[in-house]
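Asker: Give me a 3D structure for the following:
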Amino acid sequence: MKIFVLLFLLSGTAVASSCFEEHLRDSIAVNRSNRAAYAELSGGKSNTVLNLLIGLERLSLASAWYFDWRAKEYNQKGIRLFCDEFLPMKKKPVVRSAPGPKLRPFDWESYEKELSDAVGRKDVEGIKAQSLAAVRSLEAHPGTYCMLRHLFESIYRFAYFLPVHAEKARATGLEDPTSLSLFAIRLQVLSLITVHKIDRMSAPVQELGVPLLCNDLPPLLDDLTL
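Answerer: Next up, the predicted model:
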């Protein structure tokens, strides 16, 4: 279950009624295209991480189809449910730099608990506050925990657009999608443990100065008013 719910990690292009599937397929394509370059720079050490990530993304396609199906009616009415939540992925050159920082402990589990509690209470502002607090705390860990940082940003982004979509749905006479968005956020929170494992697996490669994953994940909060 925890592996299966790695659903929202990398972002990509979005089109109505298939935004989630498109973002996963774009992510898979970018990871595949970067695999050889990372392997050359890391002596093959990066392959385990990228192969695992690509496999998880492929498994997640079934869930993407479900969320796209649920969002179809909203998308047809111009409500970008599960579309605004994603940003385009920009392929960057893979280059090696000076040795990177070592992985230091980060208490992601305390944020996981607070987020889980906030989702259970349907506390959207609480979700935003805890996910943003996690992102701010990770500023002390540059070059590491890149997947965790991206997922916390994604959780914030989903919560940010939740009331926007709900308001538009009410205005058009559609069912309030709040519960569906909260379900998506809950799956993201559940996937934190898997993402943390991927970050730990990536750390030895990042210490070599190879920006594995960190180079590939776009910031998700720059276009939002925090």
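Asker: And for the residue nearest to L132 when sequence neighbours are not counted, the neighbour number?
Answerer: Spatial nearest neighbour of L132, chain neighbours left out: Y156 (5.5 Å); criterion: C-beta to C-beta, 6 or more residues apart in numbering. (Each C-beta comes from the backbone N, C-alpha and C, glycine too.) For Y156, the neighbour count with other C-beta atoms under 10 Å is 24.
Asker: I figured Y156 hits A133, correct?
Answerer: No. Taking C-beta atoms under 8 Å as the contact criterion, Y156 and A133 are not neighbours in contact, 9.8 Å apart.
Asker: Going along the chain, name the helices of this structure.
Answerer: Using DSSP state H, the helices of the chain run over 19-42, 47-76, 108-121, 124-137, 146-172, 178-190, 192-207.
Asker: Generate TSV for the ones you listed, with mean pLDDT and distance to L221 as supplementary columns.
Answerer: Conversion of these to TSV gives the following (pLDDT from 0 to 100; distance: least, C-beta to C-beta, whole Å):
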stretch	mean pLDDT	distance to L221
helix 19-42	94	17
helix 47-76	96	21
helix 108-121	98	16
helix 124-137	98	7
helix 146-172	98	5
helix 178-190	98	15
helix 192-207	97	17
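Asker: still on that earlier bit, distance check, the residue nearest to L132 against A29.
Answerer: According to C-beta to C-beta, to the nearest Å, Y156 stands 26 Å off from A29.
Asker: How about L151?
Answerer: Counting by C-beta to C-beta, the gap between L151 and A29 amounts to 20 Å.
Asker: So between those two, which is more surrounded?
Answerer: Neighbour count, other C-beta under 10 Å: between L151 and A29, L151 has more, with 30 against 14.
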